[in-house]
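S.K.: sequence first, then the predicted structure, then my questions.
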Amino acid sequence: MTTINERAKQLNEMILEENQHVYDMLSEKGKRIYFPQKGILSQTKDATGKKINATIGTALEDDGSPMCLDSLWKQLKLAKKNVFSYAPSHGRSEIRNIWKEMLFKKNPSLVGKEISLPIVTSALTHGLFVAAYLFCEENDIIISPDLYWENYDLIFTNSFGGKIITYPIFTSKGFNVDGLKNLLENTAGSKKIIILNFPNNPTGYTVTYSEALQIRDVLISCAEKGNDIVVFIDDAYFGLVYDEGILKESIFCYLSDLHKRILCIKFDGPTKEDYVWGFRVGFVTFGIKNGNQKLYSALEEKLAGAIRGSISNASNLGQSLLLTAYNDPLYEKEKQEKYQIMKERYQKIKNIFNTKKHYNDFFYPLPFNSGYFMCVRIKNGNAEAVRQKLLDKYDTGVIAFNDIIRIAFSSTPCDLIEKMLDNIYDAAREIENINE
């Protein structure tokens, strides 16, 4: 058996003292991981400010500034240290603090609740990966709606040996809360892992306030029966809600201080919220009832250890550019302008489906109200054949899986949306005629 590092033992003891249920949720890897306190990073910190500092593995000019190529430097207007130097494995303290402030601003229901300081990851995919490192064990069951982002398979199943089991995402009334409840009640073991993703990828659906409260009640009931629940909250498309009556805050607000047996982990970031897909900056935030600085700092340190052991640290340049934007007085105005473009495209699709009832002969939309996407279900079930026909004859690309076609209105100009839907109709009709 692998020897557990002394610092890992200390972190485990800190977690045990504050909440044994959280300790029980940890995977074996999660129990062994730690952030090194006496290695290269700590010794480099000790040498900060010394006249001669031969510690960290970066190259410096004779004046002490980071060594860099002028061909790169001339393209940037930031201090060299904020571009070319390493960022801490936890992330830059400035952006961690400002992101936490923004969480409270964007989610007023969080105010007064004790949550962790967000850790910076290399965008949301990496955040899910390092959190799975901490909490996903071989053969663990992960409960998810049946329509989910395909990267979950690569992370939870291929990387950590978990098994994703699903329930139909929708009933005739909306989100399938009973499906979630049934799987929680009928899967073996007292440790439960669930994924909640709103706005959902691929459907573009966010729960109503009522549905969010129903989910909350289901989780409370499950926890009170003696189950420990890890809730992965994928908020990649947070803030892009277009209809009234839909949950505009993160469901993290409802669950982050719900029960001592329910650990909520929020994954979010600027990728979609701020339209910076290539920056690769994301955040992971913990929340649990009676969570405190001691518990959260131990979890943050373990997560930082997983980051240190995988990518070392997230992009310093990405964090610096974002900090500049968040301190710009035009930031909120510019963000609202982009939101309005997205909402206009969404509304255009809604209006078209309300008027072009003949689409229903061959496909119909699944519920959608938010995010980047919407889905249609092909009635004859052959979405891949429709996709191929769209490529070959209609100069149109979509995503197909099973009987579903996912449409990214996020990348479709408003004046092409109707043509795109007409193309899907024509292609689906042709495929149906071929099959007759």
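M.R.: Yep, it's here. Numbering: from 1, shown residues only.
S.K.: give me the beta-bridge partners of the nearest residue to F353 once chain neighbours are set aside?
M.R.: The shortest distance from F353 to any non-neighbouring residue, by C-beta to C-beta, 6 or more residues apart in numbering, is to P365 (5.6 Å). Yep, even glycine has a C-beta here, placed from its N, CA and C like the rest. In this entry, P365 is beta-bridged to V376, by DSSP bridges.
S.K.: start the count at 17 instead of 1 going forward.
M.R.: OK, 17 is where the count begins now, so the last one is P381.
S.K.: show me the shaky parts of the chain.
M.R.: Applying pLDDT under 70 to the chain flags the ranges 17-18, 450-452.
S.K.: ok now the longest helix belonging to it, how far from the chain's centre?
M.R.: Counting by DSSP state H, the longest helix found in the chain is helix 347-371. The chain centre lies 22 Å from the centre of helix 347-371; the measure is C-alpha atoms, centre = their mean, to the nearest Å.
S.K.: with stretch 235-253 instead?
M.R.: On C-alpha atoms, centre = their mean, the centre of stretch 235-253 falls 16 Å from the chain's centre.
S.K.: if you count neighbours, what's buried in that stretch?
M.R.: By 16 or more other C-beta atoms under 10 Å, the buried positions in stretch 235-253 come out as 235-236, 238-239, 243-253.
S.K.: quick one: which helix or strand includes the spatially closest residue to F378 that is not a sequence neighbour?
M.R.: Once flanking residues are discounted, F378 sits nearest to A444: 3.8 Å by C-beta to C-beta, 6+ apart. Assigned by DSSP states H and E, A444 belongs to helix 433-451.
S.K.: and that helix, what's buried?
M.R.: 433, 436-437, 439-448.
S.K.: backbone phi and psi for Q404, please?
M.R.: phi -60, psi -40 (degrees, to the nearest 10).
S.K.: what's the local residue count around it?
M.R.: 14 (other C-beta atoms under 10 Å).
S.K.: what sits against it?
M.R.: With contact set as C-beta atoms under 8 Å, 6 or more residues apart in numbering, Q404 has no partners.
S.K.: could you measure from it over to P218?
M.R.: As judged by C-beta to C-beta, to the nearest Å, Q404 and P218 stand 19 Å apart.
S.K.: quick one, domains of the chain?
M.R.: Listed by automatic domain parsing, the domain ranges of the chain are 22-60+101-342, 347-451.
S.K.: endpoints of the first one, how far apart?
M.R.: So that's domain 22-60+101-342. End-to-end distance for domain 22-60+101-342, by C-alpha to C-alpha, to the nearest Å: 39 Å.
S.K.: please name the nearest non-neighbouring residue to D162.
M.R.: In space, D162 is closest to T182, 3.9 Å off (C-beta to C-beta, 6+ apart).
S.K.: wait, the one you found touches Y164, no?
M.R.: Yes: counting by C-beta atoms under 8 Å, Y164 is a contact partner of T182 at 7.3 Å.
S.K.: so which of the two has more stuff around it?
M.R.: Per other C-beta under 10 Å, whichever of T182 and Y164 has more neighbours is Y164, with 20 against 15.
S.K.: dihedrals phi and psi, that one?
M.R.: Dihedral angles for Y164 - degrees, to the nearest 10 - are phi -150, psi 160.
S.K.: that one: what's it in contact with?
M.R.: I180, T182, I211, N213, N216, N217, P218.
S.K.: in strands, which of those fall?
M.R.: I180, T182, I211, N213 (DSSP state E).
S.K.: neighbour-wise, which one of those residues leads?
M.R.: N213 (26 neighbours).
S.K.: tell me the contacts of it?
M.R.: Contacts of N213 by C-beta under 8 Å, 6+ apart are P161, Y164, W165, I249, D250, D251, A252.
S.K.: let's have the buried residues of helix 433-451 in JSON lines, adding distance to E227.
M.R.: Below are these laid out as JSON lines (distance: C-beta to C-beta, whole Å):
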{"residue": "I433", "distance to E227": "28"}
{"residue": "M436", "distance to E227": "30"}
{"residue": "L437", "distance to E227": "28"}
{"residue": "N439", "distance to E227": "33"}
{"residue": "I440", "distance to E227": "29"}
{"residue": "Y441", "distance to E227": "31"}
{"residue": "D442", "distance to E227": "36"}
{"residue": "A443", "distance to E227": "34"}
{"residue": "A444", "distance to E227": "31"}
{"residue": "R445", "distance to E227": "35"}
{"residue": "E446", "distance to E227": "38"}
{"residue": "I447", "distance to E227": "35"}
{"residue": "E448", "distance to E227": "34"}
